[in-house]
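S.K.: Sequence first, predicted model second:
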Amino acid sequence: MIRYILRRLVLMIPVAFLVTIGVFVLVRVSPGDPALVFAGEERDPAAIAAIREQMGLTQPLPVQYVIWLGHLVQGDLGRSFQTHQRVIEAVTERLPATVELGFAALLISTSVALVVGIVSAIKRNSVIDLLSTSITLAGVSFPSFFLGIVLILLFAYVIPGHIFPPGGYVPLTQNAADNLRRLVLPAITLATASFAVNLRQIRSSLLDVFGHEYMRTARAKGLHERTVIARHALKNALIPVVTLIGIQVGAIIEGAFITEQIFFWPGIGRLAVQAIPSGDYPVVQGVVLVSAFSYMLTTLVVDVLYAWFDPRISYETASA
Amino acid sequence: MSGTTLPVVLRVPRTDRATAIRYFARRNPRMIVGGAMILTWLLVALFAPVVAPFNPIKVNVVDSLQPPSISHLLGTDDLGRDVLSRVIWGSRISLSVGLISVGIGFFVGVSVGLSAGYLGGKFDLFVMRGIDALLAFPALVLAIAITAALGPQIQNAMIAIGIVAIPAYARLTRGQTLAVRSRDFILAARTVGCTPLRIVTRHVFPNITNPLIVQATLSTAFAILAEAALSFLGLGPQPPDPSWGQDVAYSTRYLSNMKWWMSVGPGLAIFSAVFAFNFLGDALRDALDPRLRRSG
């Protein structure tokens, strides 16, 4: 097991290296002079030249990359062109809000999908199944920003009593009740697309298990249908669900960019989106890197868990 | 060989063809519904100048913020522009971005996957690490980063979504190529002296098209959704050009005033277009995947 993890970690290095090159190149191909953006109102050519020198922009590109990478491995993502705040600080300040939203969305999407998915697979081709497959398709097709708007309209304006506020954030430590009230709509918005994907996966993996011979054997030896499903089908069908969490983390990170924007949720997604129009590339770069590395690590953890849960997967084949 | 030979009828009688179509429609209602929805949107986009009742960018402040009525079926926005006309014209952008970016992803991804799968070795190892690096980013985050870097323009949105679509095609094609390349007919082609390019294009590719068709349909749905998301964040076409995502974003400033119609038109348009491609993709997957066909 440890060998497998180490091997996966080693394989991650070239990918991580390519990711850093990709992000670096992206920022360098961006239109506009970073020194000019950083200078703000300052238009003195000498001052701009000094800034350019200070930022290392006069160096050849490979040298700039090596210097940038050197800072990166020390956790230095540069400074915001706009606020001049260290990017790592800006990201860590906003990360708790994103994690809270992501965790709530993950909880909603996984738990609801598990229940509906199991019922839908067991009662295949029933009204419930038809309804759940339709919801699945609608869920993956419904743009999250539109869903957010519909929810705001309904729960903040149309339904009397203004059940949930249209947006905003109050830290959990400051007022837990208000925090949860403000969390509901963005969490549902963010959870919907993942819920649809989860539901589809749980249903299809259960149906796949139903087709196996050991299920026929279990039924043939006279076991009660409930036992067959709980002891034989569910145990095997839920293994792929582990990978879903990995897939969902990616979906939740990208969903956060949109959902946080609609609900004025001060997370890292909103930080990046607000940095784009002003050309604040270090912030965008920082958030994109943090997102990519979090996603890579989650995928690794999920793969390891998957190999650990499923005894049919040998670490040698899994690592091949 | 003795005895009489029966004549072979090559032309299928018309009645049989009609029965076959009816049989196909009965067996694949989802494919028909999805296909019809897509065809409708394509026709709407193609004939937008004829179908749209008003000029989508013409400001008419007298008629601003009108709720849906006979003259403006989906109402008007704060500048008096007809929402329905903007939805109709917006379909051109959404569908063209969807189809062109999928074309980019398909062409590059399939070429990479075919070469990596067929050539194998170090080339495969090197190229697939690059694909892994693309997969390391959550798809939409990468699309946002690329569009933000290149500048908020429709062409850049197409390139960004196209790049994001590459890994899915590359991995799928590589896997399928690996499965096909050890088959006897490939060995036969190699034995008669076919070049690798000919083998890949004439023998491997035609045998792996089924999953690629499904992937192309589903990724068009993703591309339309991604374009809408980029436009929503201000990274797609710029005002006053009509774009579904951008129009939904614009409408948010009137939410508290309950001017709901400004968002509903473009929002439902995105949903129906994405739904149509997902619906067709799912039906195609069920029809083309023998494993699902057996269990279904």
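M.R.: Structure received.

S.K.: What number of residues are in the vicinity of A:Asp76?
M.R.: Neighbour count for A:Asp76, taken as other Cβ atoms under 10 Å in any protein chain shown: 14. To be clear about C-beta, it is placed using only N, CA and C from the backbone, and glycine gets the same treatment.

S.K.: do A:Val119 as well
M.R.: That count, for A:Val119 with other Cβ under 10 Å as the rule, works out to 14.

S.K.: contacting residues for it?
M.R.: A:Val119 sits next to A:Ile128, A:Ser132 when contact means Cβ atoms under 8 Å, 6 or more residues apart in numbering or on different chains.

S.K.: Would you mind giving both backbone torsions of it?
M.R.: Main-chain torsions, A:Val119, degrees, to the nearest 10: phi -60, psi -40.

S.K.: B:Asn257: how many residues sit nearby?
M.R.: By the criterion of other Cβ under 10 Å, B:Asn257 has 11 neighbours.

S.K.: what's the distance between it and B:Pro266?
M.R.: 18 Å (Cβ to Cβ, to the nearest Å).

S.K.: what sits up against stretch A:41-48?
M.R.: Counting by Cβ under 8 Å, 6+ apart, A:Ala35, A:Leu36, A:Ala39, A:Ile51 sit against stretch A:41-48.

S.K.: Low-confidence regions, chain A specifically.
M.R.: A:32, A:42, A:310-320 (pLDDT under 70).

S.K.: What segments of it are strands?
M.R.: With DSSP state E, there are no strands along chain A.

S.K.: List the contacts of B:Val44.
M.R.: By Cβ under 8 Å, 6+ apart, the neighbours of B:Val44 are B:Val51, B:Ile88, B:Ser91.

S.K.: among these, who's most crowded?
M.R.: Highest neighbour count within the contacts of B:Val44, by other Cβ under 10 Å: B:Ser91, with 28 neighbours.

S.K.: Quickly find the element holding that one.
M.R.: According to DSSP states H and E, B:Ser91 maps onto helix B:83-119.

S.K.: so what does that helix touch, helix or strand wise?
M.R.: helix B:29-46, helix B:48-51, helix B:121-135, helix B:154-181, helix B:209-232, helix B:244-251, helix B:261-288 (3 or more Cβ pairs under 8 Å, 6 or more residues apart in numbering or on different chains; DSSP states H and E).

S.K.: Looking at the contacts of stretch A:41-48, which two lie furthest apart in space?
M.R.: Spanning the widest gap among the contacts of stretch A:41-48 are A:Leu36 and A:Ile51, at 8.6 Å by Cβ to Cβ.

S.K.: Could I get the contacting residues of the spatially most central residue of chain B?
M.R.: Nearest to the mean C-alpha position of chain B, counting by Cα atoms, centre = their mean, stands B:Thr220 at 1.6 Å. Residues counted as contacts of B:Thr220 (Cβ under 8 Å, 6+ apart) are B:Gly98, B:Leu99, B:Val102, B:Phe277.

S.K.: show me the contacts for A:Leu114.
M.R.: A:Leu114 makes contact with A:Asn198, A:Ile202, A:Val241 under the criterion Cβ under 8 Å, 6+ apart.

S.K.: likewise B:Gln246?
M.R.: Residues near B:Gln246 by Cβ under 8 Å, 6+ apart: B:Ser231, B:Phe232, B:Gly234, B:Gly236, B:Pro237, B:Pro239.

S.K.: and with 6 Å instead?
M.R.: With contact taken as Cβ atoms under 6 Å, 6 or more residues apart in numbering or on different chains, B:Gln246 is in contact with B:Ser231, B:Gly236.

S.K.: How about B:Val180?
M.R.: B:Val204, B:Asn207.

S.K.: And for A:Phe142?
M.R.: Neighbouring residues of A:Phe142 by Cβ under 6 Å, 6+ apart: B:Phe271.

S.K.: now with 7 Å?
M.R.: A:Phe142 is in contact with A:Thr192, B:Phe271, counting by Cβ atoms under 7 Å, 6 or more residues apart in numbering or on different chains.

S.K.: repeat for B:Leu134
M.R.: So B:Leu134 contacts B:Ile166, B:Pro167 (Cβ under 7 Å, 6+ apart).

S.K.: So which residues on the stretch 1-150 of chain A come close to chain B?
M.R.: Residues of the stretch 1-150 of chain A found near chain B (Cβ under 7 Å from any Cβ of the partner chain) are A:14-15, A:18-19, A:22, A:26-27, A:29-31, A:137-138, A:140-143, A:145-146, A:149.

S.K.: let's see it at 10 Å
M.R.: Within the stretch 1-150 of chain A, the positions near chain B by Cβ under 10 Å from any Cβ of the partner chain are A:11-12, A:14-23, A:25-32, A:124-125, A:133-134, A:136-138, A:140-150.

S.K.: how much space between A:Arg8 and B:Ile131?
M.R.: 17 Å.

S.K.: quick one: which of the two has more around it?
M.R.: Ranked by neighbour count (other Cβ under 10 Å), A:Arg8 and B:Ile131 place B:Ile131 first, with 22 against 18.

S.K.: Look up how far chain A lies from that one.
M.R.: Using Cβ to the nearest Cβ, to the nearest Å, we find B:Ile131 at a distance of 10 Å from chain A.

S.K.: pretty sure that residue is in contact with B:Ala116, am I right?
M.R.: Yes - look at B:Ile131 against B:Ala116 with Cβ atoms under 10 Å: they come within range, at 8.2 Å.

S.K.: any common contacting residues for those two?
M.R.: Shared contacts of B:Ile131 and B:Ala116, defined by Cβ atoms under 10 Å, 6 or more residues apart in numbering or on different chains, comprise B:Ala170, B:Arg171, B:Arg174.

S.K.: Output these in CSV; the columns should cover neighbour count and distance to A:Leu57.
M.R.: Formatted as CSV, those follow (neighbours: other Cβ atoms under 10 Å in any protein chain shown; distance: Cβ to Cβ, whole Å):
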residue, neighbour count, distance to A:Leu57
B:Ala170, 27, 34
B:Arg171, 20, 37
B:Arg174, 25, 39
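
S.K.: just to revisit the earlier point, closest to chain A out of the contacts of B:Val44?
M.R.: Closest approach between the contacts of B:Val44 and chain A, by Cβ to the nearest Cβ: B:Ser91, at 14.7 Å.

S.K.: Next to chain A in this structure, residues from the stretch 51-200 of chain B, please.
M.R.: Proximity of the stretch 51-200 of chain B to chain A (Cβ under 10 Å from any Cβ) is limited to residues B:125-126, B:129-152.

S.K.: Weed out the non-buried ones from those residues.
M.R.: Among these, those classed as buried by 16 or more other Cβ atoms under 10 Å in any protein chain shown are B:130-150, B:152.

S.K.: hmm, back to that, can you flag the buried ones in the contacts of B:Thr220?
M.R.: Buried subset of the contacts of B:Thr220 (neighbour count, 16+ other Cβ under 10 Å): B:Gly98, B:Leu99, B:Val102, B:Phe277.

S.K.: CSV for those, including pLDDT?
M.R.: Formatted as CSV, those follow (pLDDT from 0 to 100):
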residue, pLDDT
B:Gly98, 92
B:Leu99, 94
B:Val102, 96
B:Phe277, 94
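
S.K.: ok so, going back, which of A:Leu36 and A:Ile51 has more residues huddled nearby?
M.R.: Each of A:Leu36 and A:Ile51 has its neighbours counted (other Cβ under 10 Å); A:Ile51 has more, 18 against 15.

S.K.: Please report the distance of the closest residue in space to that one that isn't next to it in sequence from A:Ile247.
M.R.: Distances taken as Cβ to Cβ, 6 or more residues apart in numbering or on different chains place A:Ala35 nearest to A:Ile51, at 4.6 Å, with adjacent residues excluded. Noted for A:Ala35: a distance of 40 Å to A:Ile247, by Cβ to Cβ.

S.K.: need the helices for the stretch 51-200 of chain A, in chain order.
M.R.: Secondary structure of the stretch 51-200 of chain A (DSSP state H, counting those that start in this stretch): helices at A:61-73, A:87-122, A:127-141, A:144-152, A:176-210.
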